[in-house]
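K.L.:
Please find the sequence and the predicted model below.
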Amino acid sequence: MKTTPIIAVFCGGTSAEKEVSLGSGRACALALARNFPTRLFEISENALPAGLDPERHVVFSTLHGTFGEDGGMQSLLDAAGVEYAGCTAEGSAVCFNKQRTKKAVAAAGVNVCAGHQFSTDRMPDAAELVASLGEKLILKPTCNGSSVGLHVIESAAQLGEVLSRLPAGDWLVERRVFGRELTVGVLGGKAMAVVEVAPKSGLYDYTSKYTKGMTEYLAPAPLPDEVTRSVQAMAERAFAAAGCRDYARIDFMLSGKNEPFFLEINTLPGMKDTSLLPMSARCVGLDFTALVRELVAPALARFSAAHK
């Protein structure tokens, strides 16, 4: 007898992005319930929730940040034999580490920003960084999301001051590319529409992302056709090179010369109706309910193949 799986939506978690995840999870659970038996699991520790059954459940995770997005949860699901939507544990680990992602996509011919990775136990010299990369820089944790810990550097003096008080960990400093911020949803390896993100502050940081009215979104982005195609092709190459599966959202900066530079891959992007991945999907005819159905479809197919 064929088993009809229940979609187990994971949200919450233990990272700094818990509140964002709760909103994504609730929105997705409501939309998925229009087509599938669905149960919402609010995760409160770095472990699988009680009641999860590999014979009955397919997981759709909206956990953001550490553990949920870095391969930790995916590894537990693999070990328990539970099928899930989205990137594998290895692909998640690669994409959560910005330096590993840059290395992978650059090898595939994707433009990346010049930069330097370092650990706080081997702090670089501010003057040497400025000599190499210039004064206009972006400093961010190697592993984090939602622009948590992002610093915008305008001078050598500011860089030195910020370096002196960085929390312990691994960091990435990059030459800042000035231009237009773009994002592309990728579904099954194929790029959807390009969306332009235009923060009123000039920087798409945590405040601009999550404060109503702080950012304008242009969907689809008003770009020449050849630029749109170039960004989409680069997104598809990055998706494949980083080992992504099922879906992701990929961010770029477009320079004044209309040259796209890769920023990062979001393997579990924000998933409210007004989030960027749904914006990209709507431009190609997928409303929110249709989008979440497509996002979970490959995992359902894998579940069915394993339970014949």
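P.N.:
Ah, there it is.

K.L.:
Pull out the buried positions in the stretch of helix or strand Cys28 belongs to.
P.N.:
Element membership of Cys28 [criterion: DSSP states H and E] is helix 18-32. Neighbour counts over helix 18-32 (16 or more other CB atoms under 10 Å) mark 18, 20-32 as buried. Just so you know, the C-beta spots here come from the backbone N, C-alpha and C atoms, and that holds for glycine as well.

K.L.:
Looking at these, which is nearest Val284?
P.N.:
Nearest to Val284 among the buried residues of helix 18-32 is Ala31, at 17.2 Å by CB to CB.

K.L.:
just to revisit the earlier point, CA-only coordinates of the helix holding Cys28 in PDB, if you can.
P.N.:
Extracted C-alpha coordinates of helix 18-32, given in PDB (Å, rounded to 0.1, in the frame of the first residue of the first chain):
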ATOM      1  CA  LYS A  18      15.000  32.200  15.100                       C
ATOM      2  CA  GLU A  19      12.300  34.800  14.700                       C
ATOM      3  CA  VAL A  20      12.800  35.000  10.900                       C
ATOM      4  CA  SER A  21      12.500  31.200  10.800                       C
ATOM      5  CA  LEU A  22       9.300  31.200  12.800                       C
ATOM      6  CA  GLY A  23       7.600  33.500  10.300                       C
ATOM      7  CA  SER A  24       8.800  31.500   7.300                       C
ATOM      8  CA  GLY A  25       7.700  28.200   8.800                       C
ATOM      9  CA  ARG A  26       4.200  29.300   9.700                       C
ATOM     10  CA  ALA A  27       3.700  30.800   6.200                       C
ATOM     11  CA  CYS A  28       4.900  27.600   4.500                       C
ATOM     12  CA  ALA A  29       2.900  25.300   6.700                       C
ATOM     13  CA  LEU A  30      -0.300  27.200   5.900                       C
ATOM     14  CA  ALA A  31       0.500  27.100   2.100                       C
ATOM     15  CA  LEU A  32       1.600  23.400   2.100                       C
END
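
K.L.:
contacting residues around Lys222?
P.N.:
Careful, residue 222 is Pro and not Lys. Pro222 makes contact with Glu196, according to CB atoms under 8 Å, 6 or more residues apart in numbering.

K.L.:
Roughly how far does it sit from Val284?
P.N.:
17 Å (CB to CB, to the nearest Å).

K.L.:
what ranges do the strands span in the stretch 201-308 of the chain?
P.N.:
Secondary structure of the stretch 201-308 of the chain (DSSP state E, counting those that start in this stretch): strands located at 215-218, 247-255, 260-266.

K.L.:
Return the set of buried residues in the longest one.
P.N.:
Neighbour-count burial for strand 247-255, with 16+ other CB under 10 Å as criterion, is recorded at 247-254.

K.L.:
Against which helices or strands is it packed?
P.N.:
Judged by 3 or more CB pairs under 8 Å, 6 or more residues apart in numbering; DSSP states H and E, strand 247-255 is in contact with strand 179-187, helix 225-241, strand 260-266, helix 276-282.

K.L.:
what is the orientation angle of it with helix 225-241?
P.N.:
With axes from the mean of the first three to the mean of the last three CA atoms, to 10 degrees defining the directions, strand 247-255 sits at 130 degrees from helix 225-241.

K.L.:
could you dump strand 247-255 to CSV, C-alpha only?
P.N.:
This file holds the C-alpha atoms of strand 247-255, laid out as CSV (Å, rounded to 0.1, in the frame of the first residue of the first chain):
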residue,chain,number,x,y,z
TYR,A,247,16.3,25.1,-4.7
ALA,A,248,18.3,28.1,-3.4
ARG,A,249,18.4,31.9,-3.7
ILE,A,250,21.6,33.4,-5.0
ASP,A,251,22.7,37.1,-4.4
PHE,A,252,24.8,39.3,-6.6
MET,A,253,26.1,42.9,-6.9
LEU,A,254,25.9,44.4,-10.3
SER,A,255,28.7,46.9,-10.9
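
K.L.:
Spatially central residue in the protein, please.
P.N.:
Asn266 (1.2 Å; CA atoms, centre = their mean).

K.L.:
for the stretch 1-150 of the chain, what spans make up the strands?
P.N.:
So, for the stretch 1-150 of the chain - with DSSP E, counting those that start in this stretch - the strands run 6-12, 38-43, 57-61, 83-84, 115-119, 137-141.

K.L.:
pLDDT on the biggest helix by length in the chain, on average?
P.N.:
Longest among the helix segments of the chain by residue count, using DSSP state H, is helix 288-306. Per-residue pLDDT values over helix 288-306 give a mean of 97.

K.L.:
and stretch 284-294, how far from the chain's centre?
P.N.:
The chain centroid and the centroid of stretch 284-294 are separated by 18 Å, computed with CA atoms, centre = their mean, to the nearest Å.
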